[in-house]
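Undergrad: Give me a model of this one.
(chains A and B)
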Amino acid sequence: MSRHRIKDIDYDDDDFYDEDAPADPEEQEFLQQCTAAVLQQLGAGQPSVTATKGEVQDALWHYYNDIEKSVNYLRGKREKEATKLQKSKIQSVPAYPAPPSTAHFSAADFFRDCPWLNVPSHRKSDILIEPLFPRLGLLGGAPENGGKLSKLAALAAARKKKEAEKTPSPPETSTSSTPKPEQPKTSSLDHSGVSRSLRDRLAASGRSTPKASEGPGSLRHVATPSSPHSISKQPDSENRRPSVSKASESTQREVLEAKEEPVSQQTLPTIRASPSTFASTIVGAATGPTAAEPSHLHSNSSDLLRIYGQDHAEPFDFAAPSPDDVVLNAQNTAKGMKSKSAASKSAAVKKGQSDLAGGMKDLSVEDKVTVKSKNLDVISEYKKSTRKRSANFVVIGHVDAGKSTLMGRLLADQGAIDQRTLDRYRREAEKIGKGSFALAWVMDQGSEERARGVTIDIATNQFETDKTAFTIVDAPGHRDFVPNMIAGASQADFAVLVIDSSVGNFESGLKGQTKEHALLVRSMGVQKIVVAVNKMDTVQWDHERFEEIEQQISAFLTTAGFQDSNISFVPCSGSLGDNISRRTDDPHASWYTGRTLIEELETSEPYTHALEKPLRMTIGDVFRGGVQSPLSISGRIDAGSLQMGDHILIMPSGETATVRSLEVDSEPSDWAVAGQNVVLNIANIDPIHLRSGDVVCRPSSPIPTITSFTAKVLAFEHLMPMQVDVHRGRLHVPGRISKLVASLDKASGAAIKKRPKIVGPGVVARVVVEMDQAVPLEAPTRIVLRAGGSTVAAGLLE
Amino acid sequence: MRCIKNKIEHNGSGTVTLCPDEPEDMWHAYNLIRPGDILRASAIRRVTTVQDTGSTSSARVHLNLVIRVKNLDFDPQSSQLHVSGQIINETPHTKIGQFHTLDLELNRNFTLEKEVGADGEGVGWDSIAIESLKDAVDEGGKRRAEAVAVVMQEGLAHICFIGQFQTILKQKIEMSVPRKRQGGGDHDKGMNKFFKVTLETLLRQMEFNTSLTSGANNEAVRPVLLASPGFVAAGFQKYIQSEASTTTPGLKRLLPSLVVVHSTSGYTNSLSEVLQSPAVKSLLADTKYARETKLMDDFLEQLRKETNKATYGPREVDYAVEQGAVGRGGGVLIVSNRLFRSQDIAERKRWVALVDRVRDVEGGDVRILSSDHESGKRLEGLGGIAALLTFPVIEPDLDSDAE
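TA: You can find the predicted model right below:
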């Protein structure tokens, strides 16, 4: 088996892997289209053949999605099966069909109604010659029973032919034309001889001779019009006996005609001259005995052409596949067989043999990950879910006010952190001489943070009360890390302002970040603020001190734009845990009868988020989640919803990614909606395109990237054309105020002065900000402008 | 830059032969050469000759070309200046009127001629040109303060070279550093990687040789300013120290020149803060840069106080000069040198006239700020021109209908 030997050559292996190409969605879609096309053609063609989808896809896979080849193959396969069925019953099918005879007509009669050389166009036949070889290689090579025809098959072929004559035949299945029924084949063959090969002409003339002599063959032919000696559409046979096939094809046509007008044909006199001696010598079969012998093998005539092998006599048919092609096709076939078996081995794990092509989709060489979306209706899913009310709050305040410690205490009291971890922190903190920071270590996980005792970046943590699931965002208080604090504040529904009540520290805090933070959270849209007056133990729960602080802070917060009803004060001690989740038992604090901090937190009302809007999520962090999820991003969904398997677009890089899985508040989930803190495990994107501050959106509704915007801002300091840093959540880009458009009236928003030279603190102004790089921003968004380490303005993008 | 020959006539026309000897001189040349000037410099030109037989051969020939300048192209990153124009001298290889782009090279003389035509076309060597020539030649031989600044924040670093007249952003390093997470050690790892990349880039940009053997030649190491908010710069310094003591001892030479400064962000915006910090001030005392920065701060302070003794924008400054407010006793006109680089001769003449008027008639001070410095950039934001006034000027509402 030379074919097999070829198969073993190395390059075949390469091809093999090529064939195992990944089944990406595009390809699958194409495969579906092809399958549909093939099925349609199979059904439309004659005989109408049915095939399972699996078979079709299988065939398509082998033929590289070539519909034509696949149809041919499937058709061949069906016919082969049909023939096999018959084989056992019908044995005596001649290998070489009997020379047919249909020439029972008179030319005069035929051309009776035609003027000379003016044959009506409908009479002109238009004969397409079926190629010598099947146009395309087929699986399995030539079958053994090539020439043997069953009655059934012949009938089928005949019916098919008839059908083809009625309707324009599908291009692949029938290469023959649609001759007019009344037009005798022999004449048309002769007329169109120019385009025919010598062999065909020989075949035609060979056929005609018996007719002239009215030999037994013709008798037999007429007598058994439906005798099974041809299946023109069995291309396999043509590989071996092309001439046979040619002959059989025309025979078959005659079968038709014989059926249609058997009587008239018989009575027609022959008008043909008998062949010359030379002709009969060369071609043979001029006389009766030849016709009596159905096969040329048994012919006693001296057919010289056949003696020297049919190939010598054949003019090369360039329309047919070249010998090389034939070999290649055979190789491909063999290869197809091989990879098919290889594939089936792996595919068998998941699916049955029949679903082979489908199984291939799931196998891929590339690391392209396709995640099946569950196509949930996330909004209704969200409404159905019986989650607890959730709330995010940010903890703000001046540096060293005790924010992290307070939150550490809160978490410890609520059991979100176990005692053993706490003890470990305490031991380690004492070791480096920072024993009082032990609780803060719950939030401050960074080594730098612990070594320095300062929160640097925001930390999030969850705890649950009976009513609500809280997410704490612990913001750094140090002025250098205000950008991080802005990121934290953008995730918050309400804020907890921690104030150091100890002497001196409150005053310095007021000058420092206490005010800036409060202003920032207000300008980020936070309405409700809980003021935790911390470290009350250091002032012996002095009531007067508390009132003094309350007075100052509430005055300031009111001017900052908080409503009185949304401000509440709680005296507490983070390090001791008094008035946090339990009431203090210090006798000095008996004057306080209000709520504890945790009770105060629970009064927060649920917040509504823009679920129906297009997806927007600012990336807070890009990290490696673990072995299972090599690339993860975290953040809070600002608007819209998201589910597993979604395709997302990252702006400004404009790259797409797929959501492999997602976590909501550290719990795996299938979907997430606006307002939730999520971790997305994503795939199909290079991490280089992901930076914190980028925005996740849907490819269908991308967020625009801009380099310049107009904003209505409240100035905290003097504004002039100057360089500023633009902050929006994690987004932090340099830019400059290029134009002061107008200063505006605070209440009405009407312009007071156009193009002011400078805008003083506390004034609302409309400014144009330009940035060096394109930034994903869209109105309405709250932005913060900072310069020289302080917040100079905050406002709304227009 | 060395001045080889100086033949400037009283009427402002004349030629100057200069020899640039450091990259920053290209920037000076960029400010000196203007479209319409005549520039003579050596050039290499590819000349294609056609023989009688029709065969062609091309050769590169050294030529001394004189061109009339059409266009200037300055690449601040690599300090290269390309001057294109039409050839006006005859050579065996070129024809008059052919175009050529001269690439000025270090240590090769070039001759610049500025003419004043009879009917006033061309600007010649005006006061600004002469001043920038003085700046360029640096007759006083003042100390050339040069420093490298690394302005950084988590995951972001800008390596800048601060020269006397220019601040060049040499390289920006951006890396995604994972944030701190519950129980994750990725942040420290990420920061370490970030430091590593930054250090490698810094050394490459400084052309700092870390091998021990080369340490003997004792070449002076420029001061390296590490600036960042928070502890990033300090962490970077610590990282360099640990590298010096473990893997690359050659870094030890670098250690004394490291200065850690505070800045509010990792962007070049905050360079002005860096240069104002006391540590840097003592290092770069009395450089042009430091003076310019100080001046801009004074100006902005006045503006902030809303005393009306500071103004900015072309029209406003024009008006103030008209009123005589930019005069003796504190009047300072601050101009960005970008205005003098204008392609439009009338435009340049306008600013030169204004500068001359303030200096000579009004008796005020004129400071020309380099647009390639941080202070110059701040000035650019204000329209490229500003003035500190001797008395408050309430300007009429010029722009009520202008928009």
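Undergrad: going forward, measure contacts between C-alpha atoms and count neighbours the same way
TA: OK.
Undergrad: Tell me which stretches of the stretch 101-250 of chain B form strands.
TA: Applying DSSP state E, counting those that start in this stretch to the stretch 101-250 of chain B gives strands spanning B:110-114, B:147-153, B:156-162, B:167-174, B:224-228.
Undergrad: Send me the helix or strand hosting B:Leu81 as CSV with only the CA atoms.
TA: Per DSSP states H and E: B:Leu81 is located in strand B:80-87. What follows is strand B:80-87, C-alpha atoms only, in CSV (Å, rounded to 0.1, in the frame of the first residue of the first chain):
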residue,chain,number,x,y,z
GLN,B,80,19.4,66.7,17.1
LEU,B,81,18.7,69.7,14.9
HIS,B,82,17.8,69.4,11.2
VAL,B,83,17.8,72.6,9.2
SER,B,84,16.3,72.4,5.8
GLY,B,85,16.5,75.0,3.0
GLN,B,86,17.6,75.9,-0.4
ILE,B,87,21.3,75.8,-1.4
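Undergrad: what's the domain layout of chain A?
TA: A:35-76, A:387-603, A:616-697, A:705-797 (the TED database).
Undergrad: Let's have the ones you listed in CSV, adding distance to chain B.
TA: Shown next, in CSV, are those (distance: least, C-alpha to the nearest C-alpha, whole Å):
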stretch, distance to chain B
domain A:35-76, 43
domain A:387-603, 5
domain A:616-697, 5
domain A:705-797, 5
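Undergrad: Would you format these as a markdown table with distance to B:Asp52, mean pLDDT and mean neighbour count included?
TA: Shown next, in a markdown table, are the domains of chain A (distance: least, C-alpha to C-alpha, whole Å; pLDDT from 0 to 100; neighbours: other C-alpha atoms under 10 Å in any protein chain shown):
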| stretch | distance to B:Asp52 | mean pLDDT | mean neighbour count |
| --- | --- | --- | --- |
| domain A:35-76 | 61 | 78 | 20 |
| domain A:387-603 | 74 | 88 | 20 |
| domain A:616-697 | 58 | 88 | 21 |
| domain A:705-797 | 57 | 89 | 20 |
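Undergrad: Now distance to B:Pro223 too, for those domains, in a markdown table please.
TA: Output for the domains of chain A, formatted as a markdown table (distance: least, C-alpha to C-alpha, whole Å):
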| stretch | distance to B:Pro223 |
| --- | --- |
| domain A:35-76 | 66 |
| domain A:387-603 | 24 |
| domain A:616-697 | 32 |
| domain A:705-797 | 23 |
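Undergrad: quick one: contacts for the nearest residue to B:His158 once chain neighbours are set aside?
TA: Setting aside the residues directly before and after it, B:His158 is nearest to B:Lys172 in space (C-alpha to C-alpha, 6 or more residues apart in numbering or on different chains), at 4.5 Å. Applying C-alpha atoms under 8 Å, 6 or more residues apart in numbering or on different chains to B:Lys172 gives the contacts B:156-159.
Undergrad: And for B:Val259?
TA: By C-alpha under 8 Å, 6+ apart, B:Val259 lies in contact with B:223-226, B:279-280.
Undergrad: so how many other residues sit close to the one residue in the stretch 1-150 of chain B that gets nearest to chain A?
TA: Among all residues of the stretch 1-150 of chain B, B:Val150 sits closest to chain A, at 16.6 Å; criterion: C-alpha to the nearest C-alpha. If you count neighbours by other C-alpha atoms under 10 Å in any protein chain shown, B:Val150 ends up with 30.
Undergrad: How much space separates it from A:Arg698?
TA: 38 Å (C-alpha to C-alpha, to the nearest Å).
Undergrad: B:Ile168 now?
TA: For B:Ile168 relative to A:Arg698 (C-alpha to C-alpha), the value is 39 Å.
Undergrad: what does A:Leu328 give?
TA: 47 Å.
Undergrad: Give me the more crowded residue out of these two.
TA: Neighbours were counted for A:Leu328 and for A:Arg698 using other C-alpha under 10 Å; A:Arg698 has more, 20 against 14.
Undergrad: follow-up on the earlier one: name the helices or strands packed onto the strand holding B:Leu81?
TA: Counting contacts by 3 or more C-alpha pairs under 8 Å, 6 or more residues apart in numbering or on different chains; DSSP states H and E, strand B:80-87 is packed against helix B:23-32, strand B:56-75, strand B:99-103.
Undergrad: Pick out the shakiest of the ones you listed, pLDDT-wise.
TA: Between the helices and strands packed on strand B:80-87, the one with the least mean pLDDT is helix B:23-32; it has a mean of 84.
Undergrad: Now do it against strand B:56-75, angle only.
TA: Relative orientation of helix B:23-32 and strand B:56-75, computed by axes from the mean of the first three to the mean of the last three C-alpha atoms, to 10 degrees: 90 degrees.
Undergrad: Identify all contacting residues around helix B:23-32.
TA: B:1, B:20, B:72, B:74, B:76, B:79-81, B:104, B:106, B:129, B:132-133, B:135-136, B:163, B:165-166, B:341.
Undergrad: rerun at 6 Å
TA: Contact with helix B:23-32 is made by B:1, B:79, B:136, as judged by C-alpha atoms under 6 Å, 6 or more residues apart in numbering or on different chains.
Undergrad: would you turn the residues you listed into JSON lines with distance to B:His373?
TA: Shown next, in JSON lines, are the contacts of helix B:23-32 (distance: C-alpha to C-alpha, whole Å):
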{"residue": "B:Met1", "distance to B:His373": "20"}
{"residue": "B:Ser79", "distance to B:His373": "15"}
{"residue": "B:Ala136", "distance to B:His373": "16"}
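Undergrad: buried subset of the residues you listed?
TA: Taking 16 or more other C-alpha atoms under 10 Å in any protein chain shown as the criterion, what is buried in the contacts of helix B:23-32 is B:1, B:136.
Undergrad: C-alpha coordinates for the helix ranked longest in chain B, PDB please?
TA: In chain B, with assignment by DSSP state H, the single longest helix is helix B:186-206. C-alpha atoms of helix B:186-206 as PDB (Å, rounded to 0.1, in the frame of the first residue of the first chain):
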ATOM      1  CA  ASP B 186       2.300  40.200  44.900                       C
ATOM      2  CA  HIS B 187       2.600  43.800  45.800                       C
ATOM      3  CA  ASP B 188       6.100  43.500  47.200                       C
ATOM      4  CA  LYS B 189       7.100  41.300  44.300                       C
ATOM      5  CA  GLY B 190       5.700  43.800  41.800                       C
ATOM      6  CA  MET B 191       7.400  46.700  43.400                       C
ATOM      7  CA  ASN B 192      10.700  44.900  43.400                       C
ATOM      8  CA  LYS B 193      10.400  44.200  39.700                       C
ATOM      9  CA  PHE B 194       9.400  47.800  39.100                       C
ATOM     10  CA  PHE B 195      12.500  49.000  41.000                       C
ATOM     11  CA  LYS B 196      14.600  46.600  39.000                       C
ATOM     12  CA  VAL B 197      13.400  47.900  35.700                       C
ATOM     13  CA  THR B 198      13.600  51.500  36.800                       C
ATOM     14  CA  LEU B 199      17.200  51.100  37.900                       C
ATOM     15  CA  GLU B 200      18.300  49.300  34.800                       C
ATOM     16  CA  THR B 201      16.700  52.000  32.700                       C
ATOM     17  CA  LEU B 202      18.200  54.800  34.800                       C
ATOM     18  CA  LEU B 203      21.700  53.300  34.400                       C
ATOM     19  CA  ARG B 204      21.300  52.900  30.700                       C
ATOM     20  CA  GLN B 205      20.100  56.500  30.300                       C
ATOM     21  CA  MET B 206      22.900  57.800  32.400                       C
END
